[in-house]
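A.B. asks: Just a sequence and a predicted model for now, questions to come.
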Amino acid sequence: MRLQLSEDDRAFREEMRRFFTTEVPEEIRQTVIEGRELSKEQIVEAMRVMNGAGLAVPHWPEEYGGRGWSDLQRHLWYDEMQRAGVPPPLAFNASMIGPVLTQFGTQEQKDRFLPATANLDIWWAQGFSEPDAGSDLASLRTSAVRDGDEWVVNGQKTWTTLGQHADWIFMLVRTDPEAKKQRGISMLLIDMSLPGVEVRPIELIDGGHEVNEVWFDDVRVPGDLLVGELNQGWTIAKFLLGNERVGVAPVTATKRALARLKEVAADVVADDPLARARIAELENELLALELTALRVAAHSTDGEPHPASSVLKLKGSELQQAVSELAVDLAGPGSLASGADDDSALASWQRGSTPRYLNLRKASIYGGSNEIQRQIIASRILGL
Amino acid sequence: MDFEHDDEQQALRDAVRGLVGETYADHDHRRTTTGEDPGFDERLWARMAEMGLLGLPFAEADGGAGAGPVEIGIVCQELGRVAAPEPYLAAVVTAGGLVAACGSPAQRSELIGPLAGGERLLALAHAEPGGRWTAEASSVTASESDGRWTLSGTKEPVPHGARADVLLVSAVLPTGGTGVFVVDPAAAEVTGYAVYDGSRAARVVLDDTPGTPLGEAGRDLTASIATVQDLARVMGANQALGAMRSALTATTGYLTSRKQFGVTLNTFQDLTFRAADMYVSLELTQSVVDWATMVVEQGDPATLADAAARVSLQVSRAGRHVGQETIQLHGGIAMTAEYSVGSLVAQLTVLDHLLGDGSHHLAQLAGRVDDHGMLDPLG
């Protein structure tokens, strides 16, 4: 066992630190650090800066822009990105559809979509969840029926995150209604500007607009936009969800949020021993999580994920939520001023604390709810 | 960076597991052993000495093997797995550690060689009634007259104090600060008793009892005591980790075999979810324990103190969670002394209170939250 990074990994970390803190515009990083909402343009710009330096999709196969890094290097890359307040590459592009296309796409699909996906020239949305198919994804009903050279798509997707910005959507659709649940599903790529696609915002408890319903009414999709084999959608979905783990435990971002909270709420913290105890307890839990992430990343992988990796999503989301909860408590009565403008006498961290707290309730629901994670640990690791 | 054991460390783990694990795989043997004094298996202790385990932490010049904290941690984890009552933490890590850190060359060779050989058991008499995990002595005092030192006052609880061949007693020095003295137990009034986990502790009453200063006479050893306590915290955490792992294994085994209402218990989702949460606690603890053990290797006392407090807090929280759930998920059987998991939980409870519980360490850490922005475990 050895705690120190090797000289190469240390140099790698320095290089990442320098890049993220000097090449990504300060204004964007400050927006992240202060917990304000990023604009579409900011997210796009950050990803393009990274892509220009070959840092947007390092985990892709090397022929499509990947870097062939070790798991530990990828960990350090992601860690430094969060430390510097750089918005991570759009997950739908970098972690979801990109790797799927490299694995299952036709050459034509790869050539057409991969460079644009890495550079965020195309903003992808994910069309998996449906009103009756959340964690039970295989219950989805949106149908695609072959008609000549085209697919005709009908149905409804929901929880489509940032769908209002999206150019294209990768969809799971039912292509064989007779087959057993998992067997009759395929994946389609759909241009969201096609006639019959309608995006409707869902208003959330934090007052923001982050997710949408997407309706499909006789949408005609060219036949060559099927990904992989017909009815292979479930296999592709499992591959995609396996990659989704990248980024589900934003440990460093949570650490940064807690460190900033200590700074902006220093007056309250100084006089409140219980607040100090909560901070110390959270710091310790974050330490345990960070070390677990390192343990997983540093473990030489032979294809199998480290068993402890299942802990990351579960605990990562809990701690993300707990820090946001502490922020509301430290903001105190100032937390009520969520609707006040910048002329408010209250600090922006106070005004933003409750929307953020409410927004982060999602963290234990999406990406496989924490109950699903417990199910996975119980059955696959503990054999229960 | 690497959190895995190398081949030699793995071999050590297998060897210790073979020896200690086999001895206590039979829970009845543990019960019989802890039922009579000295509360541990002297033959096993001798075999541990033969295997070189008792000399692991000490320099070769002092009669030890010069191994690092990872190796000592491995031994502690394996002892913890079977709730072995052997005084490794008390005699080797703590008392031996203090002699190694503060003893004169003559004292080191006189005490460490025989400790490593299993011939003389050392114990540190430091805790005092009313005290709460401090590095200083306050009620036991040392006096000097014509170069002869004597000690007065009461030490309690002293882990394994009644079986010890040599006591190391901390005491307030005439000039202030805390010194440590080598004391012949025969010269003191020592009363031993059983601790609830089956191990032993004692009350040591000193009344103008002669003692020999450990190291330079009159020197304040508070900082050294604190560092040895921190080392013991980290190794105690390793021991607790071993106990937690066994507790979870026993629990999952029970859930898949025990039937109620005609089905095995793992049919009930609530129970499996609670076991999953135990696993989460355990894996997080493993990470912090590995980290703190590696911090010991770096050797800086302030960094070690911080890591020791953090690992203690983690182990306190997780040990209680895992221990309490182990009993609840087993049901009534876990309440009986006939069944093994109770001794694991008892050991976790001892370790929690031996060197500072979660509240104690949290209070220390809470006092320091302004010292840093983000914590960086890699330093």
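C.D. replies: Ah, there it is. Remember, predicted model here, so these are calculated numbers, not experimental data.
A.B. asks: switch to C-alpha atoms for all contacts and neighbour counts from now on
C.D. replies: Noted.
A.B. asks: The longest strand along chain B: partners in the sheet, and parallel or antiparallel?
C.D. replies: In chain B, assigned by DSSP state E, the strand with the most residues is strand B:200-213. Here strand B:200-213 has these sheet partners by DSSP bridges: strand B:148-159 (antiparallel), strand B:178-183 (antiparallel), strand B:189-194 (antiparallel).
A.B. asks: Name the next helix or strand following the helix or strand containing B:Glu325 along the chain.
C.D. replies: Per DSSP states H and E, B:Glu325 falls inside helix B:301-330. Next helix or strand after helix B:301-330 toward the C-terminus (DSSP H and E): helix B:341-354.
A.B. asks: Quick check: buried residues in that following helix?
C.D. replies: Using 16 or more other Cα atoms under 10 Å in any protein chain shown as the test for burial, helix B:341-354 gives B:341-352, B:354.
A.B. asks: Provide the secondary structure category for the closest residue to B:Val280 other than its chain neighbours.
C.D. replies: Excluding the flanking residues, the one nearest B:Val280 by Cα to Cα, 6 or more residues apart in numbering or on different chains is A:Val311, at 5.7 Å. The three-state label given to A:Val311 by DSSP: H, G, I helix; E, B strand; the rest coil is helix.
A.B. asks: Quick check: pLDDT value at A:Val311.
C.D. replies: On the pLDDT scale, A:Val311 is placed at 91.
A.B. asks: Kindly report the same for B:His360.
C.D. replies: What the model reports as pLDDT for B:His360 is 98.
A.B. asks: now the residue nearest to A:Asn119 when sequence neighbours are not counted: how far from chain B?
C.D. replies: Nearest-residue entry for A:Asn119: A:Arg48, 5.3 Å, with adjacent residues in sequence omitted and distances by Cα to Cα, 6+ apart. Applying Cα to the nearest Cα, to the nearest Å, the value for A:Arg48 to chain B is 28 Å.
A.B. asks: A:Arg48: which element?
C.D. replies: helix A:40-52.
A.B. asks: For that helix, which helices and strands make contact with it?
C.D. replies: Packed against helix A:40-52, as judged by 3 or more Cα pairs under 8 Å, 6 or more residues apart in numbering or on different chains; DSSP states H and E, are no other helices or strands.
A.B. asks: average model confidence for it?
C.D. replies: 98.
A.B. asks: And the helix or strand just after that helix, what's buried?
C.D. replies: Downstream of helix A:40-52, the next assigned helix or strand under DSSP H and E is helix A:71-83. Buried residues in helix A:71-83, counted by 16+ other Cα under 10 Å: A:71-83.
A.B. asks: Stretch B:237-251 too?
C.D. replies: So for stretch B:237-251, counting by 16+ other Cα under 10 Å, buried means B:237-249, B:251.
A.B. asks: List the ones among those residues that fall in helices.
C.D. replies: Residues of the buried residues of stretch B:237-251 located in helices (DSSP state H): B:237-249, B:251.
A.B. asks: re the thing from before, CSV for the strands paired with strand B:200-213, including mean pLDDT?
C.D. replies: Formatted as CSV, those follow (pLDDT from 0 to 100):
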stretch, mean pLDDT
strand B:148-159, 98
strand B:178-183, 98
strand B:189-194, 98
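A.B. asks: now, of those, which is deepest in the fold?
C.D. replies: Comparing the strands paired with strand B:200-213 by mean neighbour count (mean count of other Cα atoms under 10 Å in any protein chain shown), strand B:178-183 comes out on top with a mean of 26.
A.B. asks: what does the average pLDDT come to for the longest strand of chain B?
C.D. replies: Averaging pLDDT along strand B:200-213 gives 98.
A.B. asks: now stretch A:346-356
C.D. replies: Here the average pLDDT along stretch A:346-356 is 95.
A.B. asks: outside of that stretch, which residues touch it?
C.D. replies: A:34-36, A:205-207, A:264, A:324, A:327-328, A:331-332, A:334-340, A:342 (Cα atoms under 8 Å, 6 or more residues apart in numbering or on different chains).
A.B. asks: quick revisit: and the helix holding B:Glu325, anywhere near chain A?
C.D. replies: Yes: Helix B:301-330 is in contact with chain A by Cα under 8 Å from any Cα of the partner chain, via B:Arg310, B:Leu313, B:Gln314.
A.B. asks: How many residues are close by the residue lying closest to the second one once chain neighbours are set aside?
C.D. replies: By that I understand B:Leu313. Excluding its sequence neighbours, the residue lying closest to B:Leu313 (Cα to Cα, 6+ apart) is B:Gly358, at 4.5 Å. Residues near B:Gly358, counting by other Cα atoms under 10 Å in any protein chain shown, number 22.
A.B. asks: which bits of the stretch 251-384 of chain A sit near chain B?
C.D. replies: Within the stretch 251-384 of chain A, the residues that sit near chain B (Cα under 8 Å from any Cα) are A:255-256, A:258-260, A:262, A:273, A:276-277, A:279-281, A:283-285, A:287-289, A:291-292, A:295, A:298-299, A:308, A:311, A:315, A:371, A:374-375, A:377-378, A:382-384.
A.B. asks: Which of those residues fall within helices?
C.D. replies: Among these, the ones falling in helices (DSSP H) are A:255-256, A:258-260, A:262, A:273, A:276-277, A:279-281, A:283-285, A:287-289, A:291-292, A:295, A:298, A:311, A:315, A:371, A:374-375.
A.B. asks: buried residues in stretch A:263-283?
C.D. replies: Those would be A:Val264, A:Ala265, A:Val269, A:Ala275, A:Arg276, A:Ala277, A:Arg278, A:Ile279, A:Ala280, A:Glu281, A:Leu282, A:Glu283, for stretch A:263-283 by 16+ other Cα under 10 Å.
A.B. asks: Tell me which two in these are the farthest apart.
C.D. replies: Of all pairs drawn from the buried residues of stretch A:263-283, the greatest distance, 18.7 Å, lies between A:Val264 and A:Glu281 (Cα to Cα).
A.B. asks: All the strands of the chain, in order from the start?
C.D. replies: You didn't say which chain, so I picked chain A. Ranges of strands in chain A, per DSSP E, are A:124-127, A:143-147, A:150-157, A:168-174, A:185-191, A:197-202, A:211-222, A:226-227.
A.B. asks: let's do chain B instead
C.D. replies: In chain B, the strands defined using DSSP E lie at B:122-125, B:141-145, B:148-159, B:166-172, B:178-183, B:189-194, B:200-213, B:259-260, B:263-264.
A.B. asks: touching chain A at all, the last one?
C.D. replies: No: under the criterion of Cα under 8 Å from any Cα, strand B:263-264 makes no contact with chain A; the nearest approach is 9.8 Å.
A.B. asks: who does that strand touch, helix- and strand-wise?
C.D. replies: Applying 3+ Cα pairs under 8 Å, 6+ apart, one finds that strand B:263-264 contacts helix B:222-257.
A.B. asks: what does the average pLDDT come to for the helix it packs on?
C.D. replies: What helix B:222-257 shows for mean pLDDT is 98.
A.B. asks: just stretch A:135-155 next, same as before
C.D. replies: The average pLDDT for stretch A:135-155 rounds to 94.
A.B. asks: buried stuff in it?
C.D. replies: For stretch A:135-155, burial by neighbour count (16+ other Cα under 10 Å) applies to A:135, A:137-145, A:150-155.
A.B. asks: nearest to B:His160, of the residues you listed?
C.D. replies: Comparing the buried residues of stretch A:135-155 against B:His160 with Cα to Cα picks out A:Ser135 as the nearest, at 54.7 Å.
A.B. asks: quick one: the nearest residue to the closest one once chain neighbours are set aside and A:Ser310, what's the gap?
C.D. replies: In space, and not counting its chain neighbours, A:Ser135 is closest to A:Gly368: 6.2 Å by Cα to Cα, 6+ apart. Distance from A:Gly368 to A:Ser310, counting by Cα to Cα, to the nearest Å: 11 Å.
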